[in-house]
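> let's see this in three dimensions:
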Amino acid sequence: MTPAHALAPHCSGSTTLCVPQESRRGRRPHCIALTARSPCVCASASATRITVVGLGPGDPGMLTREAFELLTSAPTVHVRTATHPTLAKLLPPTTQVHSYDEIYEAAVTLQEVYPRVVSHLLDAAEQQGDVVYAVPGDPSVAEATVRLLREHAPGAGVNLRVLPGVSFIEPTLAALGIDLLPSLHLGDALDVAAAGHPGFNASTPALLSQLYSKAVAGDVKLTLMNQYPDTHEVALVHDAGSGTCASVEWTPIHAIDFSTRIGARTSLYVPPLPGGSCSWEAGIMDALSNSRDDLTGPWAEGDPTHNDAAEALVDAATAVADAVDDTGHALRDALADVLVAVALHAHVAADEGQFTAADLLAAAARKAREMQGSSGEQENEPPAVPAGRGYVVDDGIEHTD
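The predicted model follows:
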């Protein structure tokens, strides 16, 4: 009898471990490459395949040669959105284009879109055997459907191949004249718009994609002003890499939603705040990162302990109570002393192996959620998905209006 887990040297690549698994096409092996640590399906003449290709930011000249050859030779191309400018400039007139724009138009929320697109693609792969799926930019940058395909294609007996492309990031950095290093936070404007706080360190520059409407820009503005001065200069980058001349529009945060050029290919660059960080953990803890013996000021004598930090915390809390009616900076400075005392507690705890500053912040976030009447855990119930497929629904990514 063949064991349930059998080595299958005939699979492409290095030795793979194959596990029999049911799919809608019958019993097929699910193979995991032992060296690559990634799922694959044993290659055979009848194996179904989805090839995902990146369309780049909009200029056909930025396509890789492999992507160009695939797109111009495929008889049928499935596209997440037919509005991408590369398609009209590149595809031969004989190419059949199957767009998923109708799913966007019929959906009430973005969370409904991506599982349905993936369901259609897997069904098409079963029926056609080989599917070419084109997405904006690079398939591995802010593309929810590709993440879902990576998760569910192996279980459906479909081999997934991903051809990299140029994302919006590279031409945007070129338009701004900046480098990705030493640090750059990459985020989704939709996530920032839905949050009460930006969620990234103000001492690090940030680049937000998907600022595709004035409504999104207005919500992003309100979130950013919880961390940055409303006069902080930011840059709206329009049409980077689209084949036309990219434009960079500098404006204070409070005015970003007044731009008349915001559209599907707009991103937002947020320079770092001068003079340090607004992040409690990254700013204060970095200032206390040296040995406790090297600390100065009130901690110059001896090796500070939790008792020393607690005494400072009581003094700071008393100063807060005394300053609540002050119209100057006394309340701000007293609260700053509270944070410094709490930071010293975390520093001592980390040195003694009790907990870290990250543990402390996680506990504070949990308690804050409890104050809002929720349990300490995140509760995200995914909506129903078609055809009984158990897809995990991701947040909306790269929606084009």
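
> could you pull out the helices for the stretch 301-401 of the chain?
For the stretch 301-401 of the chain, applying DSSP state H, counting those that start in this stretch gives helices covering 306-323, 330-351, 357-371.

> name whatever forms a beta bridge with the residue lying closest to F200 once chain neighbours are set aside.
Distances taken as C-beta to C-beta, 6 or more residues apart in numbering place H185 nearest to F200, at 4.3 Å, with adjacent residues excluded. (C-beta placed from N, C-alpha, C; glycine too.) Going by DSSP bridges, H185 is paired in beta bridges with A206.

> related to what we said a few turns ago, from the helices of the stretch 301-401 of the chain, which stretch is densest packed?
Among the helices of the stretch 301-401 of the chain, ranked by average contacts under mean count of other C-beta atoms under 10 Å, first place goes to helix 330-351 (a mean of 18).

> with only the CA atoms kept, save that one in PDB.
What follows is helix 330-351, C-alpha atoms only, in PDB (Å, rounded to 0.1, in the frame of the first residue of the first chain):
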ATOM      1  CA  ALA A 330       2.300  72.700  32.300                       C
ATOM      2  CA  LEU A 331      -0.200  69.900  31.600                       C
ATOM      3  CA  ARG A 332       1.700  68.700  28.500                       C
ATOM      4  CA  ASP A 333       5.000  68.700  30.300                       C
ATOM      5  CA  ALA A 334       3.600  66.800  33.300                       C
ATOM      6  CA  LEU A 335       2.100  64.200  31.000                       C
ATOM      7  CA  ALA A 336       5.400  63.900  29.200                       C
ATOM      8  CA  ASP A 337       7.000  63.100  32.600                       C
ATOM      9  CA  VAL A 338       4.400  60.400  33.100                       C
ATOM     10  CA  LEU A 339       5.400  58.800  29.800                       C
ATOM     11  CA  VAL A 340       9.100  59.000  30.700                       C
ATOM     12  CA  ALA A 341       8.500  57.300  34.100                       C
ATOM     13  CA  VAL A 342       6.400  54.600  32.400                       C
ATOM     14  CA  ALA A 343       9.200  54.200  29.800                       C
ATOM     15  CA  LEU A 344      11.800  53.700  32.600                       C
ATOM     16  CA  HIS A 345       9.600  51.000  34.100                       C
ATOM     17  CA  ALA A 346       9.600  49.200  30.700                       C
ATOM     18  CA  HIS A 347      13.400  49.700  30.400                       C
ATOM     19  CA  VAL A 348      14.000  48.200  33.900                       C
ATOM     20  CA  ALA A 349      11.500  45.300  33.100                       C
ATOM     21  CA  ALA A 350      13.300  44.500  29.800                       C
ATOM     22  CA  ASP A 351      16.700  44.500  31.500                       C
END
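
> which other helices and strands contact that helix?
helix 285-287, helix 306-323, helix 357-371 (3 or more C-beta pairs under 8 Å, 6 or more residues apart in numbering; DSSP states H and E).

> now distance to D239 too, for those helices, in CSV please.
Converted to CSV, the helices and strands packed on helix 330-351 look like this (distance: least, C-beta to C-beta, whole Å):
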stretch, distance to D239
helix 285-287, 38
helix 306-323, 50
helix 357-371, 38
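
> closest to T64 out of those helices?
helix 357-371 (39.3 Å; C-beta to C-beta).

> just the C-alpha atoms of the closest one, please, in CSV.
Output of helix 357-371 as CSV, limited to C-alpha atoms (Å, rounded to 0.1, in the frame of the first residue of the first chain):
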residue,chain,number,x,y,z
ALA,A,357,8.0,47.9,25.8
ALA,A,358,6.2,46.1,23.0
ASP,A,359,4.4,43.8,25.5
LEU,A,360,3.4,46.9,27.5
LEU,A,361,2.0,48.7,24.4
ALA,A,362,0.1,45.5,23.4
ALA,A,363,-1.5,45.3,26.8
ALA,A,364,-2.4,49.0,26.7
ALA,A,365,-4.0,48.5,23.3
ARG,A,366,-6.0,45.6,24.6
LYS,A,367,-7.3,47.6,27.6
ALA,A,368,-8.2,50.5,25.3
ARG,A,369,-10.3,48.1,23.2
GLU,A,370,-12.0,46.8,26.4
MET,A,371,-12.9,50.4,27.3
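
> quick one, that helix and helix 330-351 angle?
Going by axes from the mean of the first three to the mean of the last three C-alpha atoms, to 10 degrees, helix 357-371 is angled at 120 degrees with respect to helix 330-351.

> tell me how the protein divides into domains.
Here the domain parsing of the chain from automatic domain parsing is 7-45, 47-166, 169-270, 280-358.

> want to throw the helices of the stretch 301-401 of the chain into a markdown table with distance to I178 and mean pLDDT?
As requested, the helices of the stretch 301-401 of the chain are exported to a markdown table (distance: least, C-beta to C-beta, whole Å; pLDDT from 0 to 100):
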| stretch | distance to I178 | mean pLDDT |
| --- | --- | --- |
| helix 306-323 | 39 | 90 |
| helix 330-351 | 31 | 86 |
| helix 357-371 | 29 | 81 |
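
> which one of those helices lies closest to A153?
That would be helix 357-371 among the helices of the stretch 301-401 of the chain, by C-beta to C-beta, at 33.7 Å.
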